[in-house]
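Participant: Build the 3D model from these lines:
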Amino acid sequence: MKLSIASYLKPFILILTFALLFSCGDKATKAEENSILKVSVYQVEKTATNTLFEVSGTVEAEKNANISTRLMGEVLKVSVKIGDKVRQGDLLLSINSADLKAKKAQVKAQISQANSAFINAKKDYERFTQLFKEKSATQKELDNITTNFEQAKAGLEAAKQMQNEVGANLAYADIKAPFDGIITGKFINNGDLANPGIPLLSMENNSNYLVKTYVNENQIGQIKNGDKVHVVIKSSNQQLMGIVSEISISSKDSGGLYLVKIKLSKPEKV
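Facilitator: Residues are numbered from 1 along each chain as shown. I've put the predicted structure just below:
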């Protein structure tokens, strides 16, 4: 069974055999191989050359995402289905954005008006500033013109900000793939109502996979980043090699267990 297919249906349950060698050379390698075959699940075996123990874990794509939107609206079209391969930037689904497009046209007109008002107010401000220096305008007149100028400037900035907000929201109407990968979940159909923050699709990149497992405090000290790990798929008895890539420094939020991540070196064979 290919990992790229099975992983999005249900995570594999794995048996991981940590082989932590304390000596080098061909003899150590041979001892390691023999010991791995003899170790029972969850049993710690210590020899003069290595320490072996087994724990269960799950495998998942190293890069995955739940895709949602900031908009509330009707889904016009879902362009993908589970199992489809997509490229970064491919259109995944479209949400009705008629209201936003109408608002965009309104904001564009507002910016045009605000820009004209700002240009006129700026000219008046510059003219009255010079007149005041020449003592041909009063302080009150200059203050009034300055106020008008500041208001026109603020109005233009507000219109531009509104334009940016509308543009950002429109970007969420056409949802595109954030990276190359495979669609692993589809939670909405054409005509359904999309809600902000609720997953619509899920996808993963099937180039690299990792194993997540939890190790107790008695064993965590025997593991370090870079250690080689034997990963056994229980359903098919396939064996892969992995490398410890991350070790949690705290077990506070995991019931006394430490999270360990293992990067699979040959995920295509799972």
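
Participant: For Ala154, give its distance to Arg87.
Facilitator: Distance, Ala154 to Arg87, by CB to CB, to the nearest Å: 43 Å. C-betas here are computed from N, CA, C, even on glycine.

Participant: for Asn64, same thing?
Facilitator: 16 Å.

Participant: same deal with Ile220?
Facilitator: The gap separating Ile220 from Arg87 is 40 Å, by CB to CB.

Participant: which of these two has more neighbours?
Facilitator: Ile220 (18 against 10; other CB atoms under 10 Å).

Participant: how much space between the more buried one and Lys263?
Facilitator: Ile220 is 18 Å from Lys263, by CB to CB.

Participant: hmm, who's touching stretch 88-108?
Facilitator: Outside stretch 88-108, the residues within contact range by CB atoms under 8 Å, 6 or more residues apart in numbering are 67, 69, 71, 73-80, 86, 159, 162-163, 166-167, 169-170, 172-180, 183, 188, 194, 200-201.

Participant: at 6 Å what do you get?
Facilitator: 71, 73-80, 162-163, 166, 169-170, 173-177, 179-180, 194, 201 (CB atoms under 6 Å, 6 or more residues apart in numbering).

Participant: From these, list the buried ones, please.
Facilitator: Buried residues within those, counting neighbours by 16 or more other CB atoms under 10 Å: 71, 73, 75-76, 78-80, 162-163, 166, 169-170, 173, 175, 177, 180, 194, 201.

Participant: Please narrow the residues you listed to those residing in strands.
Facilitator: 73, 75-76, 78, 175, 194, 201 (DSSP state E).

Participant: quick one, helices of the stretch 151-270 of the chain?
Facilitator: Secondary structure of the stretch 151-270 of the chain (DSSP state H, counting those that start in this stretch): helices at 217-220.

Participant: scratch that, the stretch 1-150 of the chain
Facilitator: Per DSSP H, counting those that start in this stretch, the stretch 1-150 of the chain carries helices over the ranges 3-6, 26-38, 98-133, 139-171.
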